[in-house]
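>>> Pasting the sequence and the predicted model now:
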Amino acid sequence: MQEKSAAEVRTELEDGGAELPVDSLLIVEILTRVEERYSIAIPADRQSAEATRSVQAFARAVREAVIERQQS
């Protein structure tokens, strides 16, 4: 896997518009890694699916899951 700088990743995301430049298989891999890393579960519902369309929405969904885990 080729390492990219934060600036390169940001440029790619900005060039891709509001949507994450990933396919569904990569989204599953990202979700799995995030869930394992933060010991959270992101529900497989419509809201979560929509959250994978943008970086900001995805970050919000992960943050909400982390907060929910901390409160339980």
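Ah, there it is. Since the structure is predicted, the reported quantities are computational estimates derived from the model, not experimental observations.
>>> Return, as residue ranges, the portions of the protein with sub-threshold pLDDT.
For the chain, applying pLDDT under 70 flags the ranges 1-2, 14, 16-22.
>>> tell me the helices in it, going along the chain?
6-15, 24-38, 46-51, 55-71 (DSSP state H).
>>> Torsion angles phi and psi at S5?
phi -80, psi 160 (degrees, to the nearest 10).
>>> For burial, what's the neighbour tally of it?
Neighbourhood size, S5 [other CB atoms under 10 Å]: 8. For the C-beta atoms, the positions are set from N, CA and C on the backbone; glycine is no exception.
>>> quick one, what contacts it?
Listed by CB atoms under 8 Å, 6 or more residues apart in numbering, S5 has no contact partners.
>>> what's the distance between it and I42?
27 Å (CB to CB, to the nearest Å).
>>> Same check on R33?
11 Å.
>>> neighbour count winner among the two?
The residue with more neighbours, out of R33 and I42, is I42; 19 against 10, by other CB under 10 Å.
>>> tell me the contacts of the more buried one?
Contacts of I42 by CB under 8 Å, 6+ apart are 31, 34-35, 48, 61-62, 65.
>>> Need the nearest residue in space to the residue nearest in space to the middle of the chain, chain neighbours excluded.
Most central in the chain under CA atoms, centre = their mean is F58, positioned 4.2 Å from the mean C-alpha point. The shortest distance from F58 to any non-neighbouring residue, by CB to CB, 6 or more residues apart in numbering, is to A51 (5.1 Å).
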